[in-house]
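In: Just need the structure, nothing else, for what follows:
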Amino acid sequence: MQCIKIMKNKRWFLNALILILVVTTSCKPLKEIKPETMVENNLIKYEKKPFTSTHVFTAVFKNIQFHTCKGLTALCPKDCGNSGYMANFSVLNYRTDIVNGQAGTEKLDTYTIQLGDFYKKDFDKDYVRFIRKLKQGNEVTMHIDYIYDATKSAVMTVEKIVSISKN
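Out: Numbers count the residues shown, from 1 in each chain. Sure, this is the predicted structure:
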C-alpha cells in the first residue's frame, strides 16, 4: 500500500515536472528581439528604397476639391486619412516612364494629390504650399516615384512626389 502511494506521488511529481517544462519552454521566445533592433535592421532610408516605377510628366492644374472617402472602415470618413482636399491634374504628356516592378506601371491620364485631412488642415509639405498657389490652367512638371516601403509589417507601395515645378 505504501509502495502504491509513493508510485502515485512520483508519477504526479513527474507529470507536474513535465508540464512545467513544456509550459516554460513553449511560452519563452526562442530569441528575444527588441523593437529598436528590428526597426534598425529592417530600416531602409526612404531615398534608397527600391522603386517600382518613375513617372515624369507635364500636367495641367484643374482644381482643388474636398473629397470624402468611401467609408469602408470604422475610422471613415474623419480619421481614415483618405478624406480631405485633393488637387486634380490632367496629364498632357510623359517625359519619362520607367517601370521596375508591379505597381504604378500604367501611364496616367489624370493625377490627384491629397493636400489636407478631413478637418481641412493642410499637410506640412512643400508641395502643398506650391499647389495652393497654382491657378486653374497652370502647367506643371511632376516627378513621381512609386516605392516599396518595407519598414512596416507588410510591404506596401508608396507614392513619393520627388518634384513639382511650374512650366
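
In: Show me the strands in this protein, by range?
Out: With DSSP state E as the criterion, the chain has strands at 51-67, 84-99, 110-114, 139-149, 156-166.

In: want to throw those into CSV with mean neighbour count?
Out: In short, each C-beta sits where N, CA and C put it, glycine included. Formatted as CSV, the entries for the strands of the chain read as follows, by neighbours: other Cβ atoms under 10 Å:
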stretch, mean neighbour count
strand 51-67, 17
strand 84-99, 15
strand 110-114, 16
strand 139-149, 18
strand 156-166, 14
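
In: between those, which one is nearest to residue 78?
Out: The closest approach between residue 78 and any of these, judged by Cβ to Cβ, belongs to strand 84-99 at 10.2 Å.

In: Give the pairing partners of the closest one; include direction for each.
Out: Under the criterion DSSP bridges, strand 84-99 sits next to strand 51-67 (antiparallel), strand 110-114 (antiparallel) in its sheet.

In: By mean pLDDT, show me the worst of those strands.
Out: Taking the average pLDDT of each of the strands paired with strand 84-99, the minimum falls on strand 51-67, with a mean of 90.

In: can you tell me which residues contact residue 155?
Out: Contacts for residue 155 (Cβ atoms under 8 Å, 6 or more residues apart in numbering) come out as 148-149.

In: got it, and residue 125?
Out: By Cβ under 8 Å, 6+ apart, residue 125 lies in contact with residue 161.

In: Look up how far residue 140 lies from it.
Out: According to Cβ to Cβ, to the nearest Å, residue 125 and residue 140 sit 15 Å apart.

In: Correct me if wrong: residue 92 contacts residue 139.
Out: Yes - taking Cβ atoms under 8 Å as the definition, residue 92 is a contact partner of residue 139 at 7.2 Å.
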